[in-house]
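> Fold the following.
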Amino acid sequence: MNALGRAIAARIRAAGPVSVADFMAEALTHPRLGYYRRGDPLGAKGDFITAPEISQIFGELIGLWLIDGWQRLGQPTPVYLVELGPGRGTLMADALRAAKLRPEFLAAIRLHLIESSPGLRERQGTALAAAAPQWHEGLETVPAGPILLIANEFFDALPIRQFERTGEGWCERMIGLDDSGERFRWMLAPPTPAVEALLCEEEKSAPVGTVVEVSPAARGLAAVVGARVAAAPGVALIIDYGHDGEGHGNTLQAISQHARTDPLDNAGEVDLTAHVHFGALARAAATVGAETYGPVPQGDFLKAIGIEIRANRLCANAAPAQAEAIRSGVKRLIDAEEMGTLFRAMAITSPGFGPPAGFA
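Down below sits the predicted model:
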C-alpha cells in the first residue's frame, strides 16, 4: 500500500468500512496525497485526454455557443463566465479565441474558474492570463449575477455511493480490508430501508443483484447550478459520459496511463470516475426552478452547432497531414464508436430561455 492507502486503511481499522463516496473523496481530493493534488494528469504523458485536447474545434464551438447564450440572455454586462474543472485551460482558451468575433462579449465577461489543484491553477493562469481569471473552490463563492457555465468532464469525478439489491433488501457496497489487512476488498453493509429514500421508483423495484449508483455530490451541485441560472438569469452546459435515464450497474473505473486498472489499488495515484446519471441531475435542477434540455449524444450536439462545417473550412486551407489530423480529431469526438454516443450534453437554463443551440 502507498501512503494514502495506509491512511485509508487506518481509518477503516478505527471506524469500520468506508463508502465508495468516502474512498473516492480521499483518493481524489486528499489535501496532500489526493490525485488532483499531484499535478497535471492530462495529455499523452498523463492518464487521460479530454475533448479540448483532441481538437481545438471543440472549444471554439463552445465559445460560439456561449456567445449565443449571452445574446439570448439580453447581453448582460457584466456576465460571470464560469468553468468547472478547467483542466489546463485549453477549452476556455479556444472558446475565448473564437469569441473574438464578438468583442462586446469579451468585454462583458468576468472569468471565474472552479479548480482545487494548485498545479492546474498555475497552468490555467498561464493559458488564460489575458482574461484575468479568478479561482474558487466551489460555485458558492462566485458573485451573484448573470451566469454562463461550462462543465466538461467534471461531474464524472464527483463521489458516488453504490447500493446492491439482495434477497434481504438494499445494502450499501462498502470498502474494507482483507484478512491480511494489507489490501482493500469489497463488502456489503447490512440492509437498511433508509437506502430506498435515495432511489427513484424504478430503481426500488430492480431485481436482486442490481447495483445502483447515486451521487449526492452531483445532485447537490446540479441543484446549485439550477438555482443560479434560475435566479441570475443564466445558462449552463454539462458534457460528460453517462446515461440518459435510470442506468443500473457498477460503472466505477480507475484509469492510469490511458488504461483501466483496479479502482482499489494505488489510491491517489489513479483517476477514479463513474458514469454520470443525467436524469438525476435534471431532476435536481428542475426542483429548484431551472429548466433542462437533453441529454443528447455529444456527436449530435456538436454536429448541430457546426463541427463538420468548421472542420471542412479548416481542412480546405490545411496541409494534407494537418487536414488528416483535423478529420481524425473530429471523428473521435462525434463517431458513435468513439466519444459520439458515450458522451452526452445537457443544458440547464433560466425559465423561459427555450432550447439552447444544439438542443432544438
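> show me where pLDDT drops low in the stretch 201-350 of the chain?
Along the stretch 201-350 of the chain, the parts satisfying pLDDT under 70 run over 245-248, 258.
> need the helices for it, in chain order.
All helices of the stretch 201-350 of the chain, identified by DSSP state H, counting those that start in this stretch, fall at 201-204, 216-231, 278-287, 298-304, 307-316, 320-334.
> which phi and psi does the spatially most central residue of the chain have?
With distances taken as C-alpha atoms, centre = their mean, residue 154 lies nearest the centre of the chain, 2.0 Å away. Here the main-chain torsion angles of residue 154 (degrees, to the nearest 10) amount to phi -110, psi -50.
> Tell me who's in contact with it.
If a contact means C-beta atoms under 8 Å, 6 or more residues apart in numbering, then residue 154 has 84-85, 238, 240 as its contacts. In this view, the C-beta of every residue, glycine as well, is placed from N, C-alpha and C.
> can you do 10 Å?
83-87, 114, 218, 221, 238-240, 276 (C-beta atoms under 10 Å, 6 or more residues apart in numbering).
> Likewise for residue 193?
Under the criterion of C-beta under 10 Å, 6+ apart, the contact partners of residue 193 comprise 169-170.
> Which pLDDT value belongs to it?
Looking at residue 193, its pLDDT stands at 85.
> What's the separation between it and residue 168?
As for residue 193, its distance to residue 168 is 11 Å (criterion: C-beta to C-beta, to the nearest Å).
> try residue 80
Between residue 80 and residue 168 the distance is 49 Å, computed by C-beta to C-beta.
> Those two: which is more packed in?
Legend: neighbour count by other C-beta atoms under 10 Å for residue 80 and residue 168, higher for residue 80 (22 against 10).
> strand partners of the helix or strand hosting that one, parallel vs antiparallel please.
Per DSSP states H and E, residue 80 falls inside strand 79-84. Strands that pair with strand 79-84, judged by DSSP bridges, come out as strand 109-114 (parallel), strand 147-152 (parallel).
> Tell me what angle whichever helix or strand comes after that strand forms with helix 307-316.
Note on strand 79-84: by DSSP H and E, the next helix or strand toward the C-terminus is helix 90-98. Here the directions of helix 90-98 and helix 307-316 differ by 70 degrees (axes from the mean of the first three to the mean of the last three C-alpha atoms, to 10 degrees).
> now the end-to-end length of stretch 228-236.
Taking C-alpha to C-alpha, to the nearest Å, the span from the opening residue of stretch 228-236 to its closing residue is 10 Å.
> about what we covered before: pipe the helices of the stretch 201-350 of the chain into JSON lines and attach mean neighbour count per row.
As requested, those are exported to JSON lines (neighbours: other C-beta atoms under 10 Å):
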{"stretch": "helix 201-204", "mean neighbour count": "14"}
{"stretch": "helix 216-231", "mean neighbour count": "21"}
{"stretch": "helix 278-287", "mean neighbour count": "21"}
{"stretch": "helix 298-304", "mean neighbour count": "22"}
{"stretch": "helix 307-316", "mean neighbour count": "16"}
{"stretch": "helix 320-334", "mean neighbour count": "16"}
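> re the thing from before, may I ask which of the contacts of residue 154 has the most neighbours?
Among the contacts of residue 154, residue 276 has more neighbours than the rest - 32 neighbours, counting by other C-beta under 10 Å.
> what pairs with that one across the strands?
Taking DSSP bridges, one obtains residue 242 as the residues bridged to residue 276.
> before we move on, back to that, compare the helices of the stretch 201-350 of the chain and give me the one nearest residue 52.
With respect to residue 52, and counting by C-beta to C-beta, the nearest of these is helix 320-334 at 10.1 Å.
> Show me how far that closest one is from its chain's centre.
The chain centroid and the centroid of helix 320-334 are separated by 24 Å under C-alpha atoms, centre = their mean, to the nearest Å.
> ok, now stretch 96-110?
Counting by C-alpha atoms, centre = their mean, stretch 96-110 comes out at 25 Å from the chain centroid.
> Could you do stretch 321-340 as well?
For stretch 321-340, the distance to the chain centre is 21 Å (C-alpha atoms, centre = their mean).
> can you check stretch 18-34 too?
Taking C-alpha atoms, centre = their mean, the mean C-alpha location of stretch 18-34 is offset from the chain mean by 17 Å.
> Let me see the mean pLDDT of stretch 60-68.
98.
> send the alpha carbons of it over as CSV?
Listed next in CSV are the C-alpha coordinates belonging to stretch 60-68 (Å, rounded to 0.1, in the frame of the first residue of the first chain):
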residue,chain,number,x,y,z
GLU,A,60,-14.1,27.1,-30.5
LEU,A,61,-17.7,25.8,-30.9
ILE,A,62,-18.2,26.1,-27.1
GLY,A,63,-17.1,29.7,-27.4
LEU,A,64,-19.7,30.4,-30.1
TRP,A,65,-22.3,28.6,-28.0
LEU,A,66,-21.6,30.9,-25.1
ILE,A,67,-21.9,34.0,-27.3
ASP,A,68,-25.3,32.7,-28.5
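> mind listing what's buried in it?
By 16 or more other C-beta atoms under 10 Å, the buried positions in stretch 60-68 come out as 60-68.
> Ok, stretch 182-198 next?
If you call a residue buried by 16+ other C-beta under 10 Å, then stretch 182-198 has these buried ones: 184, 188-189, 191, 195, 198.
> Buried residues of stretch 111-119, list them for me.
Residues of stretch 111-119 classed as buried: 111-117 (neighbour count, 16+ other C-beta under 10 Å).
> That'll do, ta.
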